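Trainee: no sequence on this one, just coordinates:
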Ligand code: HEC
Ligand code: HEC
């Protein structure tokens, strides 16, 4: 008996070691396949802008292979041919993902979005041309609402199963047996569930006007990030240009001046894009901001009549400069909505309650929000790169500069957004005619939040002066 005891002890010890090893291996395999983060680093700030992660893949990313095959499994849920391009995603030739889409491995590769999905414009001279990309311009084409709706529609469909999806993946890529098992029993069912859960945080969209391409609603801040009660307000708003930030220092941020700083607007942008307080990539955001500080506004890519433009400069100085020229006291500041007279919905939507909630939101983090506020109007921005910011005003309700300088009754009450061929006559994107109607979203100014009234500055000028003024605006 005496001799057996130590032997028995050794057996116990061995079993414990084996169990620990097994737990360790299982733990490691689990960690490796679900949580291991592989950072991707893009040397150039432009590539980082287009494809770099801001930390959205963990909370809201879609597994890469599922993302890749969804348009082929559910072409019936897309508005047209071309996969994600039919939702306005823009592809550089030879790239794996469209601009603004990121691929990051967290256990397995996942696809998220970044700032560039909304803040990258395109322009073409002719429908047959390939688009030129304008980094940090507001997108003309991308429809973020249609994109999330596509994902939710797919998740709701009975065809969203491991069989269908793995069959489609098989045409593109040989997943290892282990990966196939992971996809079949964990990744696909969990993704379906996660999308359906995410859909619940977007139900408020269904009772509100559609945004169309190039616009969002501010409600994701209030309802998804801050989780405030739904007050029914409509916050549809046009995407803004982000270049030239050094020259914008001291400007109030966002269309209604809801924050005083770039850094907090960028952090908030990342939260609305799908990053969480814990996943947000601060270093990535810092790189983006440093780059935006120096990024010049894009030059008007067509001819400019310099003589006419210099006549226009005088008109600008008389009629517009007090609110729109750099260095003027009202530039970058809020002009009350009652004064500028444009649609009130967006400014009324953002309340002091929302601002207070935001200022509390990250109180326990190394970064923080302190500068959110509410306002009663809209920021009069400098007009740098204004040619690429069409359609105009905070809600994107006026397709061209020529239309902006018309009396509100003469501005188009219905037009099409989302077509990126440029109209050098009116100065804005082509917004009517067969092609624009075919690819565009019908923008109806009688819908709540879409009014094109107000901002009547310059509308009484003689038509010669308007022409000269528009020529000058092209040079900014
Ligand atoms: C889903 C589309 C979308 C994405 C993605 C997005 N933004 Fe925006 N961004 C907007 C819209 C729309 C506005 C204007 C909203 C308003 O205030 O009415 C805006 C405004 C801004 C502004 C204010 C600009 C100014 O001059 O006041 C900043 C700064 C900004 N975004 C930065 C970012 C950054 C940085 C990211 C990525 C982390 C990002 N955004 C991602 C849609 C987007
Ligand atoms: C009293 C101040 C004021 C004056 C004067 C003024 N504007 Fe504005 N402007 C604004 C405000 C405020 C906005 C934003 C309104 C909104 O988005 O609802 C704006 C918006 C614009 C925009 C849209 C910018 C964009 O990115 O969508 C353009 C273009 C513009 N103004 C041109 C002009 C021109 C040209 C003149 C002179 C004929 C002029 N403005 C005179 C206050 C002014």
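Mentor: Happy to help now that I have it. What you see is a predicted model; the values in this text were computed from it and never measured. Ligands and ions are numbered 1, 2, ... in the order given.

Trainee: Hmm, residue 325 is touching residue 381, no?
Mentor: No: judged on CB atoms under 8 Å, residue 325 makes no contact with residue 381 at a distance of 10.9 Å. Just so you know, the C-beta spots here come from the backbone N, C-alpha and C atoms, and that holds for glycine as well.

Trainee: Please name the spatially closest residue to the residue nearest the centre of the chain (chain neighbours excluded).
Mentor: Centroid-nearest residue in the chain, with CA atoms, centre = their mean: residue 118, separated by 3.3 Å. Spatial nearest neighbour of residue 118, excluding adjacent residues (CB to CB, 6 or more residues apart in numbering): residue 239 at 4.8 Å.

Trainee: So what does that neighbour look like in phi/psi?
Mentor: Main-chain torsions, residue 239, degrees, to the nearest 10: phi -70, psi 150.

Trainee: State which helix of this structure is the longest.
Mentor: Longest helix in the chain by number of residues (criterion: DSSP state H): helix 4-34.

Trainee: Could you look up the next helix or strand downstream of that one?
Mentor: strand 37-38 (DSSP states H and E).

Trainee: list the helices and strands the helix or strand that that following strand is followed by packs on?
Mentor: For strand 37-38, the following helix or strand on the C-terminal side (DSSP H and E) is helix 45-51. For helix 45-51, the contact count by 3 or more CB pairs under 8 Å, 6 or more residues apart in numbering; DSSP states H and E identifies strand 101-106, strand 132-135, helix 282-294 as packing neighbours.

Trainee: buried ones in helix 45-51?
Mentor: For helix 45-51, the neighbour count (16 or more other CB atoms under 10 Å) marks 45, 48, 49, 50, 51 as buried.

Trainee: Also stretch 359-371?
Mentor: Applying 16+ other CB under 10 Å to stretch 359-371 flags 359, 361, 362, 369, 371 as buried.

Trainee: Can you verify my assumption that the fourth one contacts residue 271?
Mentor: No: in this structure, residue 369 sits apart from residue 271 without contact. The criterion is CB under 8 Å, and the distance is 9.7 Å.

Trainee: still on that earlier bit, common neighbours of residue 325 and residue 381, please.
Mentor: Common neighbours of residue 325 and residue 381, using CB atoms under 8 Å, 6 or more residues apart in numbering, are residue 331.

Trainee: Give me the more crowded residue out of these two.
Mentor: residue 381 (20 against 15; other CB atoms under 10 Å).

Trainee: Output the below-cut-off pLDDT ranges for the chain.
Mentor: The chain contains residues with pLDDT under 70 at 1-4.

Trainee: tell me which parts of it are close to ligand 2?
Mentor: The chain comes close to ligand 2 at residues 255, 319-320, 322-324, 330, 335, 340, 342, 378, 380, 383, 386, 389, 392-394, 404, 455, 457-458, 469, as judged by CB under 6 Å from any ligand atom.

Trainee: Centre of the chain to stretch 356-369, how far?
Mentor: In this view, stretch 356-369 has its centroid 22 Å away from the chain centroid, taken as CA atoms, centre = their mean, to the nearest Å.

Trainee: Give me the distance between the two termini of it.
Mentor: Start-to-end span of stretch 356-369 (CA to CA, to the nearest Å) is 10 Å.

Trainee: Identify all contacting residues around that stretch.
Mentor: Counting by CB under 8 Å, 6+ apart, 221, 225, 226, 228, 264, 267, 268, 277, 282, 370, 371, 372 sit against stretch 356-369.

Trainee: do stretch 179-187 as well
Mentor: 33, 63, 65, 66, 108, 162, 165, 166, 169, 175.

Trainee: Can you give me the end-to-end span of it?
Mentor: Where stretch 179-187 begins and where it ends lie 9 Å apart, using CA to CA.

Trainee: same check, this time on stretch 81-96
Mentor: 18 Å.

Trainee: Does ligand 1 have contacts with it?
Mentor: No: judged by CB under 6 Å from any ligand atom, stretch 81-96 stays clear of ligand 1, getting no closer than 11.3 Å.

Trainee: Show me which residues of that stretch are buried.
Mentor: Here stretch 81-96 shows 83, 84, 86, 87, 88, 89, 90, 91 as buried, counting by 16+ other CB under 10 Å.

Trainee: got it, and stretch 187-196?
Mentor: Burial within stretch 187-196, assessed by neighbour count using 16+ other CB under 10 Å, is assigned to 187, 188, 191, 192, 194, 195.

Trainee: starting at the chain centroid, how far to it?
Mentor: Worked out by CA atoms, centre = their mean, stretch 187-196 lies 23 Å from the chain centre.

Trainee: next one: stretch 313-323
Mentor: 32 Å.

Trainee: what's next to it, contact-wise?
Mentor: Stretch 313-323 has contacts (CB under 8 Å, 6+ apart) with 324-325, 328-331, 335, 380, 383, 457-458, 461, 465, 468-469, 472-473.

Trainee: just the buried members of those?
Mentor: Using 16+ other CB under 10 Å, the buried ones in the contacts of stretch 313-323 are 324, 331, 335, 380, 383, 458, 461, 465, 468, 469, 472, 473.

Trainee: so what's the last one up against?
Mentor: Put plainly, it is residue 473. Contacts of residue 473 (CB under 8 Å, 6+ apart): 312, 316, 383, 386, 387, 401, 427.

Trainee: how close does it get to residue 433?
Mentor: Distance, residue 473 to residue 433, using CB to CB, to the nearest Å: 23 Å.

Trainee: Likewise for the third one?
Mentor: Residue 335 sits at a distance of 34 Å from residue 433 (criterion: CB to CB).

Trainee: Where does the stretch 51-200 of the chain get nearest to ligand 2, residue-wise?
Mentor: residue 138 (8.1 Å; CB to the nearest ligand atom).
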